[in-house]
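In: what follows is a predicted structure for the sequence shown.
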Protein chains: 2
Amino acid sequence: MTSTPAKNNATCPHDKRVSCGNCRLNTICLPITFHVDDIDRLNDIIQRGRPLQKGEYLYRANDTFQSVFAIRSGAVKALTLSDSGSEQITGFYLPGEVVGMDGIADNRYTNSVIALETSSVCEIPFSRMEDLSLQIPSLQRHFFQLLSREITQDQHIIALLSKSSAETRIAALLLSISSRNSRRQLSATQFHLPMSRTDMGNFLGLTIETVSRIFSRLQKQGVLAVDKKEITILDLPALTTLSTENH
Amino acid sequence: MTSTPAKNNATCPHDKRVSCGNCRLNTICLPITFHVDDIDRLNDIIQRGRPLQKGEYLYRANDTFQSVFAIRSGAVKALTLSDSGSEQITGFYLPGEVVGMDGIADNRYTNSVIALETSSVCEIPFSRMEDLSLQIPSLQRHFFQLLSREITQDQHIIALLSKSSAETRIAALLLSISSRNSRRQLSATQFHLPMSRTDMGNFLGLTIETVSRIFSRLQKQGVLAVDKKEITILDLPALTTLSTENH
DNA sequence: CGTACCTTTGACTCGTGTCAACAATGGTGG
DNA sequence: CCACCATTGTTGACACGAGTCAAAGGTACG
């Protein structure tokens, strides 16, 4: 609500005066085959609010589903409340990625989504997107692919959790973040972890102590340099080997 | 290819002379809001081949994606080959459920699907389904929901694998099968497991020995009666409690 | 500058995996 | 129809990886 009517195209990633046409991430979250005026039509239905602060909810489990959200900057976590009441993180989402698709099935979200750091998102009202999809076949195709990609990623995680040791899980998570960073033209070997050790452990099915011990061990072995949440991958091949070992 | 041109509406679930209009499962795999002639249009694009025998592949990982498949009878398992080469089962699919949606993202399947017993499937060519979806909004909506439901189910499994003990995992799997059976008007407390102990263990991230021991223990406790693959749930509340305990 | 939270490290415990032997099952061919 | 063999499931003894409990060190924020 602060009125700063300056017209300069700010480079701040949280800036809300951005359109899909000039968004750095549009090759990630939009299909490449889009025509310019189709991009404009999509852009018209997208809403951009103020950035979320760390810890703020984007939406909560059981909220009525209305939109999916593309992360433009920052990072968020999605989590379910298990039947027993405890939180289970089901995924981390970085810029260019889309959350909220769990809500389509029953018209209410099954996850809650919380910002891990200051984050801005593009809200895509789903019913308007559906209408548009009927007119733009490549948009329909794109959303089918987005949903499908979420399925394959979740199944990757299932495979990871089902079979592998603590070390393998952590290696795989680090490599996942690494490759998603490099897709955004960021360093694949040096980056900031947006989540806490607790969140990593929760997601990977490990205790925080185990996460901490593995980090220490990988550091002693010269595979990683860890400084708080700043990670440097020193031996990428070694980490890759670790991530593919099962048990 | 055997020509038995009899016109009687056979009750054999593997019979291929079935249309969506008269399929017992259509309330599960089709949206309720369908008009009769829309059902006919969908039915026209669906292909029904000969049943799969136990152990046969429906498709293999890396095959070019062309269709999704509704299970009409029997049961199948989906599995990925992990980087290290070992198989990881990512799900079991029962009649009325749809497999193959992992292939949409990159136009090739990431899973292989194998019949657990003699099974018949309805093949839905995806590009024709997409075309039809542009004309029938409720069909587009239905497929978004199907994909979304797969996501929420996979995330359930992530939560299960991430947090819970061997006993909880097995209880949850049994209850999942139980509820899916009752959705098909079958008994919720007495049923045949389509998969081997090995498959259960693989899926749940447990060894076959552990699966076996848990079954024995639950039987001693009077929660289950187990006779080979025939399961009788004797104490549903107890099993439910077990399935919601985390660790 | 103090308080609250997060992370690290150590000692010990426990659940599940591993290894091994054996039983039961089911399919095949004589 | 039965005997054989391969496959699958069961049970036991033991080992080990990760959880638990506890304490101390760091870090961030008011």
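Out: Okay, I see it.
In: for the most centrally placed residue in chain A, report the pLDDT, please.
Out: Nearest to the mean C-alpha position of chain A, by Cα atoms, centre = their mean, lies A:Tyr93 at 1.0 Å. We have a pLDDT of 95 for A:Tyr93.
In: how close does it sit to A:Gly74?
Out: Distance, A:Tyr93 to A:Gly74, by Cβ to Cβ, to the nearest Å: 9 Å. No exception for glycine: its C-beta is placed from N, CA and C like everyone else's.
In: now do the contacts for the residue nearest to the centre of chain A.
Out: A:Ile71, A:Ala75, A:Val76, A:Lys77, A:Ala78, A:Val99, A:Val113 (Cβ atoms under 8 Å, 6 or more residues apart in numbering or on different chains).
In: go with 6 Å
Out: Taking Cβ atoms under 6 Å, 6 or more residues apart in numbering or on different chains as the contact definition, A:Tyr93 lies against A:Ile71, A:Val76, A:Val99.
In: quick one, phi/psi of it?
Out: Per-residue torsions, A:Tyr93: phi -130, psi 130 (degrees, to the nearest 10).
In: quick check: beta-bridge partners of it?
Out: Assessed by DSSP bridges, A:Tyr93 has beta-bridge partners A:Val76.
In: still on that earlier bit, tabulate the contacts of A:Tyr93 in TSV, adding columns for pLDDT, distance to DNA strand C and neighbour count.
Out: Shown next, in TSV, are the contacts of A:Tyr93 (pLDDT from 0 to 100; distance: Cβ to the nearest atom of the strand, whole Å; neighbours: other Cβ atoms under 10 Å in any protein chain shown):
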residue	pLDDT	distance to DNA strand C	neighbour count
A:Ile71	93	21	25
A:Val76	94	17	27
A:Val99	96	22	23
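In: alpha carbons only: can I get the host helix or strand of A:Ser243 in PDB?
Out: Under the criterion of DSSP states H and E, A:Ser243 resides in helix A:236-244. Taking Å, rounded to 0.1, in the frame of the first residue of the first chain, the C-alpha atoms of helix A:236-244 are listed here in PDB:
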ATOM      1  CA  LEU A 236      30.200 -32.200  -7.000                       C
ATOM      2  CA  PRO A 237      31.000 -35.700  -8.400                       C
ATOM      3  CA  ALA A 238      31.300 -37.100  -4.900                       C
ATOM      4  CA  LEU A 239      28.000 -35.600  -3.800                       C
ATOM      5  CA  THR A 240      26.400 -37.000  -6.900                       C
ATOM      6  CA  THR A 241      27.700 -40.400  -6.100                       C
ATOM      7  CA  LEU A 242      26.300 -40.200  -2.600                       C
ATOM      8  CA  SER A 243      22.900 -39.100  -3.900                       C
ATOM      9  CA  THR A 244      22.600 -42.200  -6.100                       C
END
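In: how close does the nearest residue to A:Pro95 once chain neighbours are set aside get to A:Tyr93?
Out: Ranked by Cβ to Cβ, 6 or more residues apart in numbering or on different chains and with sequence neighbours excluded, the top spatial neighbour of A:Pro95 is A:Ile71, at 5.1 Å. Distance, A:Ile71 to A:Tyr93, using Cβ to Cβ: 5 Å.
In: in chain A, which helix is the longest?
Out: Longest helix of chain A, by residue count under DSSP state H: helix A:137-163.
In: I'd like the next helix or strand past it.
Out: For helix A:137-163, the following helix or strand on the C-terminal side (DSSP H and E) is helix A:166-183.
In: check which helices and strands that following helix sits against.
Out: In terms of contacts (3 or more Cβ pairs under 6 Å, 6 or more residues apart in numbering or on different chains; DSSP states H and E), helix A:166-183 is packed against helix A:208-220, helix A:236-244.
In: between those, which one is nearest to chain B?
Out: In terms of Cβ to the nearest Cβ, the element of these nearest to chain B is helix A:236-244, at 3.9 Å.
In: domain parsing for chain A?
Out: Listed by automatic domain parsing, the domain ranges of chain A are A:20-160, A:165-244.
In: who in chain A is up against DNA strand C?
Out: For chain A, the residues in contact with DNA strand C (Cβ under 7 Å from any atom of the strand) are A:196-198, A:208-209, A:211-213, A:215-216, A:226, A:229, A:247.
In: tell me if I am right that A:Ala78 is in a strand.
Out: Yes: when classified by DSSP: H, G, I helix; E, B strand; the rest coil, A:Ala78 is found to be part of a strand.
In: can you tell me if the helix or strand bottoming out on mean pLDDT in chain A touches chain B.
Out: Lowest on mean pLDDT, DSSP states H and E among the helices and strands of chain A sits helix A:26-29, with a mean of 79. No: using Cβ under 6 Å from any Cβ of the partner chain, helix A:26-29 stays clear of chain B, coming no nearer than 13.7 Å.
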